[in-house]
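# Please work out how this folds:
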Amino acid sequence: MNKTFPDGFLWGGALAANQVEGAYLTDGKGLSTSDVMPDGVFGQVRERTPGDFSIKDVAIDFYHRYPEDIALFAEMGFSCLRVSIAWTRIFPQGDEQEPNEAGLAWYDRLFDELARHNIQPLVTLSHYEMPWALVENYGGWGNRKVIAFFERYARTVFNRYRDKVKLWLTFNEINMSLHAPMTGVGLPEGSSRTAVYQAIHHQLVASGLAVKACHELIPDARIGNMLLGGLTYPLSSKPEDVFATLQDNRSWQFFGDVQCRGAYPGYMQRYFREHDISLQILPEDLAALRHTVDFISFSYYMTGCVTADPALVEKLRGNILDMVPNPHLASSEWGWQIDPLGLRTLLNTLWDRYQKPLFIVENGLGANDQPDADGQIHDDYRISYLNDHLVQVREAIDDGVELMGYTSWGPIDLISASKAEVSKRYGFIHVDLNQDGSGTLNRSRKDSFWWYQQVIKTHGGTLKG
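Residues are numbered from 1 along each chain as shown. Modelled structure (predicted):
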């Protein structure tokens, strides 16, 4: 008999406001960093002008179509939906004293709709965006004042939704600021390491203050961090490669160490000394960092390799990370290497390191789905990818890992983060949309929709392997 997942395990999908909502200036919303990066995380900042167009301006129009989409999620059997709140819907410029009621009211309606379908929201406070005015007027997270603006925003939404939302995350893929500083901390590409780490420090302090506020205002809620799970392996068994891999993994584990243990680890203090990075860290910052998260959430898409030999470094652009390709793994259309067993390894690594509950809040396959003559999408490649990863998740639970749930990335087609592409589709639900904005936006079920429905219904009993 197939193993099944434990009772109470949360099944669902994950979305981000700037990749699905659209309505980018509706109901008083301000411009975000995402709005001025129409070509995605790796694109350039472009100031908006009247009449210009970005595919993210409309996205999949979740802002107006969320009841239909939530009904489809409920049909699949979701018990959890990860969403993010657009900071600019609540504080359009970021530094206002009073929030925008129209923005608050929209998320009330969203959470009420989820409740009607018995779907629990998992809410990210900041997912790849911040108010553009905070970048223009304050220099983004490089300015200590932004900590207080974020804390005011966090306390506002905690108070407003305290009876509707019991699972929260602070910053999405917080370690990505090392690779895309404008998206992560509102700093321009080419910023110095000192500037980026100072901004990251401010963000880590803000995360601690958000944890403190959540515990005060919603005592029965849990709040976690969110890491980009960038697990790497040594390219060879040479001791130099093994140690280089340890160092590479610490570059992202550092964020989890601070958020879970409440202080900067010794290896990071050495890194700062050796790279002449001097941060302004105040006594009240250290107190804020001691407010640690209740659980660790993370994304997982791929692994890579590390070598200490510069002559062997052949860079492969994938997600936010540059990784040396693993010669033993196949790759997706976008060059992301597929490694289901790596997910089990990562789960065990995080559990062994932190001994806190884990939550997989992103995992999925981006593919250029092609409908057949009848308009149907037979995405057996997506089913295979997800099946193989979920089999390894189940093994990790048997290893003793405490896992809260699994929300696949993009349960409905959305606008990809890295390059703002429509063609890179993740969903169980197809959206009729083209890169130029044409299309009916009609929703239709792919083969994977029915597959995931059965996986959830049987608590994973239908998984093969």
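# what number of residues lie near the nearest residue to Leu329 once chain neighbours are set aside?
In this structure, Leu329 finds its nearest non-sequential neighbour in Gln337, 4.3 Å apart by C-beta to C-beta, 6 or more residues apart in numbering. Just so you know, the C-beta spots here come from the backbone N, C-alpha and C atoms, and that holds for glycine as well. Neighbours of Gln337 under the rule other C-beta atoms under 10 Å: 20.
# what does the one 3 residues further on give?
Counted with other C-beta under 10 Å, residues neighbouring Pro340 total 21.
# these two touch, right, it and Leu386?
No. Taking C-beta atoms under 8 Å as the definition, Pro340 is not a contact partner of Leu386, at 9.4 Å.
# For the stretch 201-350 of the chain, give me the ranges with low pLDDT.
For the stretch 201-350 of the chain, the stretches with pLDDT under 70 are 314-321.
# those helices in it, which residues are they?
239-261, 266-274, 283-289, 340-354 (DSSP state H, counting those that start in this stretch).
# coming back round to it: partner residues bridging the residue nearest to Leu329?
Beta-bridge partners of Gln337, counted by DSSP bridges, are Ser331.
# going forward, begin numbering at 190 instead of 1
Okay, residue one is now 190; in that scheme the one you just asked about reads as Gln526.
# Which residues are in contact with the nearest residue to Leu356 once chain neighbours are set aside?
Leaving out its chain neighbours, the residue that sits closest to Leu356 by C-beta to C-beta, 6+ apart is Leu311, at 4.4 Å. The contact partners of Leu311, taken as C-beta atoms under 8 Å, 6 or more residues apart in numbering, are 199, 201, 203, 269-272, 356-358, 548, 550, 594, 596.
# if we can go back for a sec, my guess is the residue nearest to Leu518 contacts Gly493, does it?
Yes. In this structure Gln526 lies within contact range of Gly493 using C-beta under 8 Å: 6.7 Å.
# Could you find the closest non-adjacent residue to Ser243?
Pro227 (3.5 Å).
# Also Pro546?
Phe484 (4.2 Å).
# give me every residue that touches that neighbour.
By C-beta under 8 Å, 6+ apart, Phe484 lies in contact with Arg411, Gly413, Lys545, Pro546, Leu547, Phe548, Met593.
# same thing with Ile279?
Pro288, Asn289, Gly292, Leu293, Tyr342, Thr345, Val346 are the contacts of Ile279 under C-beta under 8 Å, 6+ apart.
# From the residues you listed, which land in helices?
Among the contacts of Ile279, the ones falling in helices (DSSP state H) are Gly292, Leu293, Tyr342, Thr345, Val346.
# Would you mind checking which of those residues is nearest to Gly219?
Using C-beta to C-beta, Gly292 comes nearest to Gly219 of the ones in helices among the contacts of Ile279, at 9.4 Å.
# Could you check the pLDDT of Met190?
Met190 carries a pLDDT value of 49.
# ok so, going back, which among the contacts of Ile279 end up buried?
Pro288, Asn289, Gly292, Leu293, Tyr342, Thr345, Val346 (16 or more other C-beta atoms under 10 Å).
# hang on, the fifth one packs against Leu314?
Yes. The pair formed by Tyr342 and Leu314 meets the contact definition of C-beta under 8 Å, at 7.3 Å.
# what sits in contact with each of these two?
Taking C-beta under 8 Å, 6+ apart as the criterion, Tyr342 and Leu314 both touch Trp276.
# which residues does the nearest residue to Ile645 once chain neighbours are set aside contact?
Leaving aside its chain neighbours, Ile645 sits nearest to Gly266 (3.8 Å; criterion: C-beta to C-beta, 6+ apart). Listed by C-beta under 8 Å, 6+ apart, the contact partners of Gly266 are Trp200, Gln642, Ile645, Lys646.
# ok, the nearest residue to Gly329 once chain neighbours are set aside to Ser607 distance?
Excluding the flanking residues, the one nearest Gly329 by C-beta to C-beta, 6+ apart is Gly375, at 2.2 Å. From Gly375 across to Ser607, the span is 18 Å (C-beta to C-beta, to the nearest Å).
# higher neighbour count, the two?
Neighbour tally, Gly375 and Ser607, criterion other C-beta under 10 Å: the higher count belongs to Gly375, 27 against 19.
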